[in-house]
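Enquirer: whatever this is, show me its structure:
(one chain, ligands or ions: 1)
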Amino acid sequence: MTNVVPEKQTTYLQTTSGDQFPVGRVFCVGRNYEAHAREMGKDPERDPPFFFTKWPETVRNADPTDGLDIRYPPETQNYHHEAELVVAIGKAGFQIAEDDAKDHVWGYATGLDMTRRDLQLDAREKGRPWDTGKNVENSCPTGRLQPVSDGGHIEAAAISLTVNGETRQLADVADLIWSVREIIADLSKFYALEAGDLIYTGTPAGVGAVVPGDTIVCTIDGLPALEVTISDPA
Ligand code: MN
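Expert: Here you go, the predicted structure:
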């Protein structure tokens, strides 16, 4: 039998040991650092964690030596960087207890949740879905994935982002409003998590726009850094 469309390609993240981690679903946490919630005009005290999703194909793996080039996307004049700690799920689970949550983590990476901020804010204002603002092709550049078996759990570590060498975001992942274990417990009430799922845990304050030609460097202490260059629109 002949397929009428090409078979779907799996997206992989390269691990620190050179293996390929197949990416399942991509979950993102909204407003998970106080100062960022405030810069987005929201009171962090009142907001329980909330989630949105992106296609796995939005994940682009940075080449360990040369970095990664992504095109400036269409239909935006305000494409924002969001530096985030990425959690990779290694063991399936549903309604996971907080105390068991860490057992489900395969590893961690440094990642970006790039965002068409103009479209996201317009949708937010109108009470519409965020998809065109958030689920943007190539919008999740992600560094090499480090297994817990190598680097342990990332619980307190500086997270930073520079654009052309200038610091834009600087915080500590210990300042997450909802910790990794709380996020896994909460998210797994709604979804049966599977090995391969990724969770982008939210961004600290200092989000801002990039333009073609900019180079973003995102670091989390204890994890491989991520370097991304923004190239001209198609
Ligand atoms: Mn984000």
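Enquirer: where does the prediction get shaky in this protein?
Expert: Filtered on pLDDT under 70, the chain yields the residue ranges 1-2, 46, 63-66.
Enquirer: who in the chain is up against the ion?
Expert: Residues of the chain lying near the ion by CB under 5 Å from the ion: 82, 113, 203. To be clear about C-beta, it is placed using only N, CA and C from the backbone, and glycine gets the same treatment.
Enquirer: with adjacent residues omitted, what lies nearest to the first one?
Expert: Using CB to CB, 6 or more residues apart in numbering and skipping the chain neighbours, the partner closest in space to residue 82 is residue 203 (3.6 Å).
Enquirer: tell me which residues touch whichever residue of the chain sits closest to the ion, please.
Expert: Of all residues in the chain, residue 113 sits closest to the ion, at 3.4 Å by CB to the ion. Residue 113 makes contacts with 28, 54, 82, 84, 134, 139, 140, 200, 203, as judged by CB atoms under 8 Å, 6 or more residues apart in numbering.
Enquirer: would the first one count as being in a strand?
Expert: Yes: with the criterion set as DSSP: H, G, I helix; E, B strand; the rest coil, the secondary structure at residue 28 is a strand.
Enquirer: tell me what it is bridged to.
Expert: residue 52, residue 200 (DSSP bridges).
Enquirer: any idea how far it is from residue 76?
Expert: 18 Å (CB to CB, to the nearest Å).
Enquirer: so which of those two has more stuff around it?
Expert: For residue 28 versus residue 76, the count of surrounding residues by other CB atoms under 10 Å is larger for residue 28: 27 against 20.
Enquirer: which ones are touching that one?
Expert: Contact partners of residue 28, counting by CB under 8 Å, 6+ apart, are 51, 52, 53, 54, 84, 113, 134, 199, 200, 202.
Enquirer: at 10 Å what do you get?
Expert: 50-54, 58, 82, 84, 86, 111, 113, 115, 130, 134-135, 140, 198-203 (CB atoms under 10 Å, 6 or more residues apart in numbering).
Enquirer: any chance of a ChimeraX selection covering the buried ones in those?
Expert: The buried residues among the contacts of residue 28 can be selected in ChimeraX (16 or more other CB atoms under 10 Å) with this line:
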select :52,54,58,82,84,86,111,113,115,130,134,135,140,198,199,200,201,202,203
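Enquirer: what about the contacts of residue 28, which are in strands?
Expert: Mapping these onto strands (DSSP state E) picks out 51, 52, 53, 54, 84, 86, 111, 115, 140, 198, 199, 200.
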